[in-house]
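Student: The sequence and its predicted three-dimensional model are supplied below.
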Amino acid sequence: MKHEETFTWNGIGAGITIYEPDETPSGSQQMDLSRSLILYFHGGGLLYGERKDLPQPYVDAFLARGCKLALADYPLAPESSLRDISAYVDELWRWVTDALAPRLGTGQTFIFGRSTGAYLALTLASRIAQSGSTRPTGVIDFYGYGDMCDSRLAAPSKHYQKYSPISADTIGDIVEHAPVTSGPMSKRYLLYVYARQNGCWQSMLGLQPNTGDPYALTASRLSSMPPVFYAASTGDEDVPYTVSKSLARALHAKMFTAYGLEHDFDRDTSIPVGLEAYEKCLDWMEGLARDGE
């Protein structure tokens, strides 16, 4: 079962697609995950992307174990700054825990993100821990990171400099004059390529590398994080595997490694390792659910 909703904060409205299983799983799966809700944030460098980018086989895998999903759009840069994006997802979390979860009859909530969506998931969980708001049961991070001003991400990318150069005029034609909450790859991907080619990703988010990322997962913030599942590939050209591995270690995360594949190794659903990662993630979720009984 699937339906659409909109969450609005500070005049910015973004779509949410909600999935519920058609039937309640039987046996131990019913006990473990039938009361779990997953809030999902898409990737796209915070510059492009849409909530419906999660491939259907993975949606089906969550539903088969009894999970409910809320796939959420959010404000995108450069029309909105990272501060505004983060404030929006903070308010979205309050709505999910105070209104949506009770309505869906769920008691355990996971925050899930891919790429920069994983950054949003991790930093949201960090702020929740500091604020005393309703704590997520766990965080699911697929090839994300914990600091937008990490020097390994701030420098011009040799990988993206292999692409045809993107001009500032081209970028000016893409950027809109009002907040954007859904950005198809076909329309806005060049924003990300331009940001990585020129080492201006942080400035497009309203950040200055010399002042740092105000939401970065510092040592004190890492110590208060909920359990984390982390998946990444050794062949990642966007977020170096060394970044992922060191962050997963600092988070004491359960880590899944794909070997020799690209950044979003789960995008091609014909490659078995993608579904394998999600099944391992679901096993991890079931373990947390059982511990919480």
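Tutor: Received the coordinates, thanks.
Student: Which parts of the stretch 101-250 of the chain are helices?
Tutor: Under the criterion DSSP state H, counting those that start in this stretch, helices of the stretch 101-250 of the chain are mapped to 101-104, 116-131, 151-154, 168-174, 185-198, 201-204, 219-222, 241-250.
Student: and the residue nearest to His42 when sequence neighbours are not counted, what is it in contact with?
Tutor: Counting by CB to CB, 6 or more residues apart in numbering, the nearest residue to His42 once its immediate chain neighbours are dropped is Gly49, at 4.3 Å. Where you see a C-beta, it was placed from the backbone N, CA and C, and this is true even at glycine. By CB atoms under 8 Å, 6 or more residues apart in numbering, Gly49 lies in contact with His42, Gly43, Leu76, Thr116, Gly117, Gly183, Met185.
Student: Would you agree the third one is in contact with Glu50?
Tutor: No: Leu76 lies out of contact with Glu50 (CB atoms under 8 Å); the separation is 10.0 Å.
Student: Next, count neighbours for Gln172.
Tutor: Small correction: residue 172 is Gly, not Gln. Gly172 has 8 neighbours, counted by other CB atoms under 10 Å.
Student: no wait, Ile271
Tutor: Ile271 is flanked by 13 other residues according to other CB under 10 Å.
Student: got the contact list for it?
Tutor: If you count contacts by CB under 8 Å, 6+ apart, Ile271 has them with Leu261, Phe265.
Student: ranges for the strands of this protein?
Tutor: Remark: strands assigned in the chain by DSSP state E are 2-9, 12-19, 36-41, 68-72, 108-114, 138-142, 228-233, 254-258.
Student: By average pLDDT, which secondary structure element in the chain comes out worst?
Tutor: Ranking every helix and strand in the chain by mean pLDDT, DSSP states H and E puts helix 27-33 at the bottom, with a mean of 56.
Student: quick one on the thing from earlier: so which of the contacts of Gly49 is the closest to Ala216?
Tutor: When the contacts of Gly49 are compared for distance to Ala216 (CB to CB), Thr116 wins out at 13.7 Å.
Student: gap between that closest one and Gly144?
Tutor: The gap separating Thr116 from Gly144 is 7 Å, by CB to CB, to the nearest Å.
Student: picking up where we left off before, with mean pLDDT and distance to Asp60 as added columns, please give the helices of the stretch 101-250 of the chain in a markdown table.
Tutor: Shown next, in a markdown table, are those (pLDDT from 0 to 100; distance: least, CB to CB, whole Å):
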| stretch | mean pLDDT | distance to Asp60 |
| --- | --- | --- |
| helix 101-104 | 95 | 18 |
| helix 116-131 | 96 | 19 |
| helix 151-154 | 85 | 33 |
| helix 168-174 | 97 | 34 |
| helix 185-198 | 97 | 22 |
| helix 201-204 | 95 | 33 |
| helix 219-222 | 91 | 33 |
| helix 241-250 | 95 | 26 |
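Student: Tell me which of the ones you listed sits most buried.
Tutor: helix 116-131 (a mean of 23; mean count of other CB atoms under 10 Å).
Student: other SSEs contacting that one?
Tutor: When contacts are defined as 3 or more CB pairs under 8 Å, 6 or more residues apart in numbering; DSSP states H and E, helix 116-131 sits against strand 36-41, helix 82-95, strand 108-114, strand 138-142, helix 219-222.
Student: How about the contacts made by the closest residue to Gly43 other than its chain neighbours?
Tutor: Distances taken as CB to CB, 6+ apart put Ser115 closest to Gly43, at 2.9 Å, once the chain neighbours are dropped. For Ser115, the contacting residues are Gly43, Gly44, Gly45, Phe142, Tyr143, Gly144, Asp238, Val239, His263, Asp264, by CB under 8 Å, 6+ apart.
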